[in-house]
Structures are given as C-alpha cells and as structure tokens.
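>>> Requesting a structural model of the entry that follows:
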Amino acid sequence: MSSETPTETTQETSYLDAIFAALRSAGQKLDATRTWLASAEAAGTPGWRLQALSAARNAHGEARAYVADLEARLGRLGSGPELPPPLDVLPARLDAIRTDLKATDERLLRVAADAASQPVGQA
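Below you'll find the model as predicted:
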C-alpha cells in the first residue's frame, strides 16, 4: 500500500498534467503564430498585414511563456536521463519547440521588416 496521501497523489498528477498542458499549449500557440504569419504575408493591405502581424506576435509571446513554464517545471524534476518515462522524452521535445520558436521568431522579424518597408496609408 502506498504511503502517499490522496492530496499528494492529486498534486503530483496535477503537476504532470500541467507539464503536458504547457507542452500542448506551446505547440498550439506556435501553430497560431504560423497561421497569423501566413495571413500577414498574404494580406493585400498594410492595415490587415499589421493586424495579423500583431496577432502573430501575441501568439508567439504566449508560446514563449508556455515554454518558460515547461522549462521551469521540468527543471524542478531533473534532467533528461533522470526523468522517468514518459517524461524522459520531454527534453528532446522541448529542444524541438525551442528550434521552432527561433525559426518563427526569425520569420516574424522578416514579416515585420517587410511590413515596415511599405507605406501604411496615404495622406
């Protein structure tokens, strides 16, 4: 019989759920960022391009926040080799998300530079 109390078990489960939720949410926000960037790139008018770019930046910032939360939670549990299954695969997934964040960040900068080089309106 386990010496853990129901509260301790619930807290551990909640902690693990939070890790997987942060991972899932980071991926969803990165998908949203890419969708908004595609909209910004396809927008015919500068106003729409700037709105889509703003939404992409917001989603990207939220993805970064989820990644920071995930890094902190995983850091408290230990490093990759120390983590039990199924958590042992998370450091590699986190590295892939960081790579995706960096690529998306570069794309954001390119789209923003392009948007900044075009006139917004006429007087």
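>>> Which stretches in this protein count as helices?
If you assign secondary structure with DSSP state H, the helices in the chain sit at 6-42, 46-77, 90-116.
>>> Nearest to residue 84, out of those?
Of all the helices of the chain, the one in closest proximity to residue 84, counting by CB to CB, is helix 46-77 (9.0 Å). Quick note: C-beta positions are derived from backbone N, CA and C, even for glycine.
>>> List the buried residues of the closest one.
Of all the residues in helix 46-77, those buried under the rule 16 or more other CB atoms under 10 Å are 49-50, 52-53, 55-57, 59-60, 62-64, 66-67, 69-70, 73-74.
>>> Look up how far residue 23 lies from the most centrally placed residue in the chain.
Against the mean C-alpha coordinate of the chain, by CA atoms, centre = their mean, the closest residue is residue 63 at 2.3 Å. Taking CB to CB, to the nearest Å as the measure, residue 63 falls 11 Å from residue 23.
>>> which residues are common contacts for those two?
Counting by CB atoms under 8 Å, 6 or more residues apart in numbering, the common neighbours of residue 63 and residue 23 are residue 97.
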